[in-house]
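K.L.:
got a predicted structure plus its sequence, pasted below:
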Amino acid sequence: MSRSPMIVRTVPALRRALDGLRARKATIALVPTMGALHDGHVSLVRLAKRRAKKVIVSIFVNPTQFAPTEDFGSYPRTWKADVARLAAEEVDLIWNPDVKVMYPEGFATRIVPEGPAIAGLEDRFRPHFFGGVATVVGKLFTQVRPDFAIFGEKDFQQLRVVARMAGDLDLGVKVIGSRTVRERDGLAMSSRNVYLTPEERQVAPALYRAMKESARRLRAGDDVEAAMAGGAELIVKAGFVLDYYEARHAETLAPVASVKDGPLRILVAAKLGKTRLIDNIGV
Ligand code: PAF
C-alpha cells in the first residue's frame with residue numbers, strides 16, 4: 001500500500017507543512033531532484049528514510065544551471081510517474097515550486113561557489129553550472145531547513161560543492177553522499193540516459209569499464225599519467241569524445257601526482273553522439 005505524499009508548491013504552504021512535519025521534533029531529510037526519477041533517486045530516498053523521520057523530495061528543473069545551449073527545454077519531465085514512485089516509497093512531502101516561486105520577478109542574488117567548484121572539471125565545460133546549483137540548493141536548504149540532505153555520488157563535484165557551501169554558510173544541514181546506482185552492465189543511472197540511441201546505449205558502459213581498468217592499474221602501482229592515458233584511450237576507441245578523464249583527490253578534487261596523494265577519485269565526462277555523460281569511481 002502506498003501513501004500519497006503531500007504536494008506543496010508555494011513557500012507559505014511549505015512553511016505550514018513543515019510546522020506539521022516537525023511536530024515532536026521529527027528530523028527531516030531532503031532529497032533535491034529535477035524529477036525524471038529512476039532507481040538511483042529511489043536509493044537516495046531510501047537512504048534519507050534511514051537517516052530521518054520525515055523525507056521531503058524536491059522536484060524542480062532549475063533553469064539557472066543550464067546554459068542557453070543546453071537541454072533545459074527538453075529535459076525529461078515525468079511528473080505522474082515521479083509522484084507514483086515517491087508514493088510507493090512513502091515520502092512525506094514533494095516540494096514542487098514553479099520557476100516564478102524560486103526566481104520571482106527582480107530576483108538578483110546568486111551564490112558563487114569556489115574551491116571544489118573551480119577544480120577545472122565540470123566547471124571548465126559548464127561554467128554557469130555550479131553557480132546555478134549552489135544558488136538553488138542554497139534556497140532549498142533555507143526553505144526546508146533539513147537536518148540531512150542526500151545527493152548522489154554520480155555528480156561527484158556537485159556533491160563536494162554543495163557540502164562545502166553548506167559548511168561555509170553554516171546552513172546547519174549534514175550533506176550525505178549516496179553510492180551511484182548502476183545498470184547491470186555498469187552504466188551509471190541518469191535521467192539523461194533516455195537520450196541515448198539503442199546503439200549508443202550498447203557503447204555507454206565503456207566509460208565504467210575504462211575507469212575500472214585505470215583504477216586497477218593505479219592500485220597495482222602504475223603511475224597516474226600512464227593509468228589515466230590507458231583509460232582515456234579505451235573511452236575514445238569506444239566512440240566517445242572526451243571532455244575530461246582525470247584522477248583527483250577525492251576530498252579537495254585537487255590534481256594528484258601519485259596514488260600516495262590520495263584518496264583518489266577518477267572522474268570522467270564524455271559525449272556519445274549528442275548525449276553528455278559523467279561518471280566517477282573511487283580508487
Ligand atoms: O543533481 C540534480 O538533480 C540537480 O543538480 C540538483 C541538485 C537537484 C539542483 O538542481
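P.N.:
Sure thing, it's come through.

K.L.:
show me what contacts residue 206?
P.N.:
234-235, 238-240 (CB atoms under 8 Å, 6 or more residues apart in numbering). Where you see a C-beta, it was placed from the backbone N, CA and C, and this is true even at glycine.

K.L.:
nearest to the ligand, of these?
P.N.:
residue 240 (21.7 Å; CB to the nearest ligand atom).

K.L.:
and the closest residue to the closest one other than its chain neighbours, how far from residue 204?
P.N.:
Nearest non-adjacent residue to residue 240, counting by CB to CB, 6 or more residues apart in numbering: residue 270, 3.9 Å away. Distance of residue 270 to residue 204, given as CB to CB, to the nearest Å: 10 Å.

K.L.:
so what sits against both of those two?
P.N.:
residue 277.

K.L.:
which members of the contacts of residue 206 additionally contact the ligand?
P.N.:
Checked against the ligand using CB under 6 Å from any ligand atom, the contacts of residue 206 give no members in range.

K.L.:
right, and the pair among the residues you listed with maximum separation?
P.N.:
Spatially, the most separated pair among those is 234 and 239, at 10.9 Å (CB to CB).

K.L.:
of the contacts of residue 206, just the buried ones, PyMOL syntax please.
P.N.:
Buried residues among the contacts of residue 206 (16 or more other CB atoms under 10 Å), as a PyMOL selection:
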select buried, resi 234+235+238+240
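
K.L.:
any idea which of the contacts of residue 206 is closest to residue 81?
P.N.:
The closest of these, once distances to residue 81 are taken by CB to CB, is residue 240, at 29.5 Å.

K.L.:
let me see the contact set for the closest one.
P.N.:
Residue 240 touches 203, 206-207, 270-272, counting by CB under 8 Å, 6+ apart.

K.L.:
ok, now residue 3?
P.N.:
87, 90.

K.L.:
just to be sure, it is in a helix?
P.N.:
No. Residue 3 is assigned coil when assessed by DSSP: H, G, I helix; E, B strand; the rest coil, not a helix.

K.L.:
mind listing what's buried along stretch 35-50?
P.N.:
35-38, 40-45, 47-49.
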